[in-house]
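# below: sequence and its predicted model.
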Amino acid sequence: MVKSEREGLAQEEARIYLEKLEEKLEYYKQNVINSSDAVIIQDFNGIVKAWNKGAERIYGFTEKEMLGKSILKVIAREYHAEAKKNINLIKQGKPTFKVKQIRKTKDNQKIFVNITYSPIYEKGEIVEIGTSEEDVSELKKSIEKLKGSEEKFRSIFEHSEIGVSIVGIDGKWLEVNPALCKMTGYSKKELLSKGYLQLTIPEDIEKTKNFSKRLINGKKDYGYLEKRYITKDKKIIWVYLSVTLIREAHAPKYFVVHTENITERKKVETELKMYKEHLEFLVKNRTLELEKEKSFSESVIENIPNMIFVKDAKELKFELFNRAGEKLLGQKRENLIGKSDYNFFPKKQADFFTNKDRHVLKSKKLLDIPEEPIKTPRGERLLHTKKIPILNKQGKPLSLLGISEDITERKEAEEKYKSLYESSADAIMTLEPPSWKFTSGNPATIKMFKIKNEKEFISKAPWEYSPKYQPDKQLSSEKAKKMIMRAMEEGSNLFEWTHKRFNGENFPATVLLSRIKRDGKTYLQATVRDITEQKKMEEKAKESDIMKTEFLSAISHELRTPITPIKSQIQRLLSTELDKKEQIDSLEIALRNTIRMDRLIQDLLEISRIKAGKFNIFKKKADLNKTINEAIIDLSGFIKEKNTSITFEAGKIPEINMDRDRILEVIINILDNSIKFGKGKISISTKKEGNSILIKIKDNGIGIIQNEKIFSPFYRGEKIDSQKYEGTGLGLSICRGIIETHNGKIWFDSKRGEGTTFFVKIPIK
Amino acid sequence: MVNSASAKKIIVVDDESDIRESVKNILEDNKFEVEIAKDGKELIRKLLKQKFDLILLDVLMPGLTTKEIIAGLEKNKIKTPIIFLTVVRFADQTKESITPQMVDYIEKPFNNADLINRIKKVLK
């Protein structure tokens, strides 16, 4: 080849080579411009000659900002030396080689890049250095993605109040947002130089490590963790982490962490917990108190002697019963709960109760039923019942509460007292202080004091119906006040008193003053008993006593009288020389008096038997006229002796029921007296009078002083001319006894000097 | 009956005839001269007629009471001593009749010897 030929070929080759280079360049240009990797051309001084879009993206500097500037701008200081060395290597002709470097972005972020250094030839000489840089800090890629594709995300990321961060598997922060910085108090730079374990409170480090491990090794790619960080100014904050593990082809790449400051919440939670515990404590205490109160009130309800029950408002079925209720109704509460009145009472009674219950619930007012009879197993009882509606908050009736007091006994006592007051034979009166005038009195008072009506003695004081002086000579007004005072002091006073009836009649009484309290005031109740009869009987008894004593004296006297001659004569017979006649006379006196004593004793026995009511008569139908004739015959000797003439007018009388022997005795006795006292003329007559026969025995004797005492034992009458007659003196009293045992009557009529007539009336039957 | 001037004269007053009789017997057995009276009235009548050495007086008699009899004796200035014949304890009955003239009393029924002794004592 000729030189020219050679030159021409070279030119052609050069031209083709350039063409190809330009193509390549164009290709590269296109690629370089669009490559996601950074493609940078720099000269031997490191001045940037070309800067592609990838570089812009990775480093954040625009083409404008970098062209003509030193590449060191994007190289971390530590790598400056190395960078220069690499430039020299290329200059010296080292072929393409790869290095790892740390570059820094516009905003000072450190990124890891793989750099491929390549020489760039022009005309066979290395004129520039080309680098192709791949950001291996995935952050860049993510950020590119994030920044590039989702503005929203970026906005969230930047502006979120929640800390958002990207953390490497090794625990080091790769990216943090402002919120996280604010939360931790550290700057972005500071955080990125730390791992999150450095901020974690020592106690939570284990927890955190385990958590990460679980996520990495586990099946789930997300988790939640509560832990504590220590801020820059040494404050402890509670954070709540929502962690998502990002894998690439199953390999864990990094964590995306949302960090929420829950310190306040935690504080509140703690406070709440404390508060809750405190509340629980309070509630427990209160519950115990309530239990106590409940059991106390339950105990009260259970033990109160009044029946307490609760019915539901809707169906009036029993919901609650206390013990007193069980007792009253004779049923255990298990049998009562759930049932209504209709289960226990006859329909009529149940209707009555139900009506009242409904009324109470409707009117929403308490109903007081002072007296309500109910039938119970113990019989009919009287209750004082109060029915009370129980309303809910809205005022609607919930249930009916009933409280019943069994007033049966109380009522009976009241009735008894009332009945006593009304029917008492004693006067019951009330005296009111301070004047002590009567304020009320029972019917017996009116009767006893013989007043027209209550109004007459109201407001009169006790001494106003008493005589001026009492039997012990005290002034009634003064003594009454004394008696009243004692009753007020001691509670009661029992004493005897003389009262005066309204008709002026005094009467003896016993008075009981009792102090009573009524309606808060103190009164005196006076119970007055008229003891007139009692006094009379006392008198009679006294008299009777005296009479008995006198009787005994008389007996003694009477017996001693015949004993005296008996004793004397027998002594004589024993001690004195007596001739026959004297002896006989003496013995006759003794005998005579012995007989007399015997008679006396017999009469005494008869009298005592009559007095004791042991006197027996044997009644048989007999002819009275015949009996009288017998008596006359018996006494014929005496009649003759006394020269008496007897006329007997035997009337037309039927046979009468009588003890013939006894009646004979009576007739003989009277006749005997008449002959004794008479002056020779006696007339006897019998006559039928109604249901009885009347016998008249009249003498014309000296007469007897009208004195009932002649029928008394031993009485011998006032003898007009001191004549004493033989006889026991018991005769007439025995006669009276006999006649009275026949239910008859014996009496006499006498006129001094004219004679005496004895009357004997005997009932026919 | 003893009719001696030295014999003492006693009057016996009792309303019971057998007692009068018996006392008379006893006194006459013992050589006394005896008169009887059945009541106070008869006593005073006889006392006014005769003088007696002693009165035996029953205190419980119908008619004049013992008190009245004493008064009667006083009135007539009869100072004859009296022995009371009583049937009850002395105190009860004769309290009111106490008089200096009453020199003794004896209860009926009595012991004959006792009666005589008392009388002899009085008449000494």
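That came through fine. Numbers count the residues shown, from 1 in each chain, chains lettered A, B, ... in the order given.
# and the one helix or strand A:Gln602 maps to, what does it pack onto?
For A:Gln602, the enclosing helix or strand under DSSP states H and E is helix A:580-611. For helix A:580-611, the elements it packs on are helix A:532-575, helix A:731-741, helix B:17-29, judged by 3 or more CB pairs under 8 Å, 6 or more residues apart in numbering or on different chains; DSSP states H and E. The way it works is simple: take the backbone N, C-alpha and C, and place the C-beta from them, glycine included.
# for it, what is the average pLDDT?
Mean pLDDT, helix A:580-611: 89.
# report the buried residues of it.
A:582, A:586, A:589-590, A:593, A:596-597, A:600, A:603-604, A:606-607, A:610 (16 or more other CB atoms under 10 Å in any protein chain shown).
# the helix-or-strand element of chain B with minimal mean pLDDT: what's the following helix or strand?
Every helix and strand in chain B was compared by mean pLDDT, DSSP states H and E; the lowest is helix B:90-94, with a mean of 55. Counting by DSSP H and E, the next helix or strand C-terminal to helix B:90-94 is strand B:102-107.
# ok, whichever strand or helix holds A:Ile40: who's next to it in the sheet?
Take DSSP H and E as the rule and A:Ile40 turns out to sit in strand A:38-42. Note on strand A:38-42: by DSSP bridges, its sheet partners are strand A:48-51 (antiparallel), strand A:125-135 (antiparallel).
# would you mind putting the CA coordinates of the first one into PDB?
Extracted as PDB, the C-alpha positions of strand A:48-51 are listed here (Å, rounded to 0.1, in the frame of the first residue of the first chain):
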ATOM      1  CA  VAL A  48     -17.400  16.600  35.800                       C
ATOM      2  CA  LYS A  49     -17.900  16.600  32.100                       C
ATOM      3  CA  ALA A  50     -21.000  14.700  31.900                       C
ATOM      4  CA  TRP A  51     -23.800  14.100  34.400                       C
END
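# what average pLDDT does the helix or strand following that strand get?
With elements assigned by DSSP H and E, the helix or strand that comes after strand A:48-51 is helix A:53-59. Helix A:53-59 comes out with an average pLDDT of 86.
# pull up the gap between the residue nearest to A:Tyr224 when sequence neighbours are not counted and chain B, please.
Nearest residue to A:Tyr224, sequence neighbours excluded (CB to CB, 6 or more residues apart in numbering or on different chains): A:Ser242, at 5.7 Å. Distance of A:Ser242 to chain B, given as CB to the nearest CB, to the nearest Å: 139 Å.
# just give the number of residues close to the closest residue to A:Arg378 other than its chain neighbours.
Spatial nearest neighbour of A:Arg378, excluding adjacent residues (CB to CB, 6+ apart): A:Gly330 at 6.8 Å. A:Gly330: 11 surrounding residues under other CB atoms under 10 Å in any protein chain shown.
# just to check, A:Gly330 is in contact with A:Lys375?
No - taking contacts as CB atoms under 8 Å, A:Gly330 lies outside contact range of A:Lys375: 10.5 Å.
# can you pull the pLDDT of the residue nearest the centre of chain A?
For chain A, A:Ile304 is the residue whose C-alpha lies nearest the centre (CA atoms, centre = their mean; 3.2 Å). As predicted, A:Ile304 sits at a pLDDT of 89.
# report whether stretch B:37-49 contacts chain A.
Yes - between stretch B:37-49 and chain A, judged by CB under 8 Å from any CB of the partner chain, the touching residues are B:Lys38, B:Asp39, B:Lys41.
# hmm, the second one is touching B:Met61, no?
I take that to be B:Asp39. Yes - between B:Asp39 and B:Met61 there is a contact at 5.7 Å, judged by CB under 8 Å.
# now for those two: what residues contact both?
B:Val13, B:Asp15 (CB atoms under 8 Å, 6 or more residues apart in numbering or on different chains).
# residue of the stretch 351-500 of chain A with the smallest distance to chain B?
Residue of the stretch 351-500 of chain A nearest chain B, by CB to the nearest CB: A:Pro471 (29.8 Å).
# can you pull the contacts of the spatially closest residue to A:Glu380 that is not a sequence neighbour?
Excluding its sequence neighbours, the residue lying closest to A:Glu380 (CB to CB, 6+ apart) is A:Pro373, at 5.6 Å. Going by CB under 8 Å, 6+ apart, A:Pro373 touches A:Glu380, A:Arg381, A:Leu382, A:Leu383.
# helix, strand or coil for A:Pro373?
strand (DSSP: H, G, I helix; E, B strand; the rest coil).
# one more: A:Pro305?
coil.
# which residues touch A:Glu134?
A:Asp37, A:Ala38, A:Val113, A:Asn114, A:Ile115, A:Thr116.
# now name the helix or strand holding A:Asn45.
Counting by DSSP H and E, A:Asn45 is part of no helix or strand.
# over to it: give its phi and psi.
Here is the backbone geometry of A:Asn45 (degrees, to the nearest 10): phi -100, psi 0.
# quick one, what contacts the residue nearest to it when sequence neighbours are not counted?
Among residues not flanking A:Asn45 along the chain, A:Ser70 sits closest, at 7.7 Å (CB to CB, 6+ apart). Counting by CB under 8 Å, 6+ apart, A:Ser70 touches A:Asn45, A:Gly46, A:Ile47, A:Val48.
# from chain B, how far out is A:Ser70?
Counting by CB to the nearest CB - A:Ser70 and chain B are separated by 177 Å.
# just the pLDDT for that residue.
For A:Ser70, pLDDT reads 91.
# identify whichever of the helices and strands packed on helix A:580-611 lies nearest to A:Lys219.
If you check each of the helices and strands packed on helix A:580-611 against A:Lys219 by CB to CB, helix A:532-575 wins as the nearest, at 119.1 Å.
# does the closest one reach chain B?
Yes - counting by CB under 8 Å from any CB, chain B is contacted by helix A:532-575 at A:553, A:556-557, A:560-569, A:571-572, A:575.
# one step back: so for the residue nearest to A:Glu380, what's the pLDDT?
87.
# would you show me how to pick out the buried ones of the residues of helix A:532-575 next to chain B in PyMOL?
Here is the PyMOL command that selects the buried residues among these (16+ other CB under 10 Å):
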select buried, chain A and resi 557+560+561+562+563+564+565+566+567+568+569+571+572
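# now do the strands in chain B.
For chain B, the strands defined by DSSP state E cover B:9-13, B:33-37, B:54-58, B:82-86, B:102-107.
# mind giving me the packing neighbours of the third one?
Pointing back at strand B:54-58 there. Using 3+ CB pairs under 8 Å, 6+ apart, strand B:54-58 is in contact with strand B:9-13, helix B:40-49, strand B:82-86, helix B:112-123.
# ok, and the closest non-adjacent residue to B:Leu64?
B:Gly40 (3.3 Å).
# list the contacts of the one you found.
B:Val13, B:Met61, B:Gly63, B:Leu64, B:Thr65, B:Thr66, B:Glu68, B:Ile69, B:Gly72.
# ok, of those, which come out buried?
Here, 16+ other CB under 10 Å leaves B:Val13, B:Met61, B:Gly63, B:Leu64, B:Thr66, B:Ile69, B:Gly72 buried among the contacts of B:Gly40.
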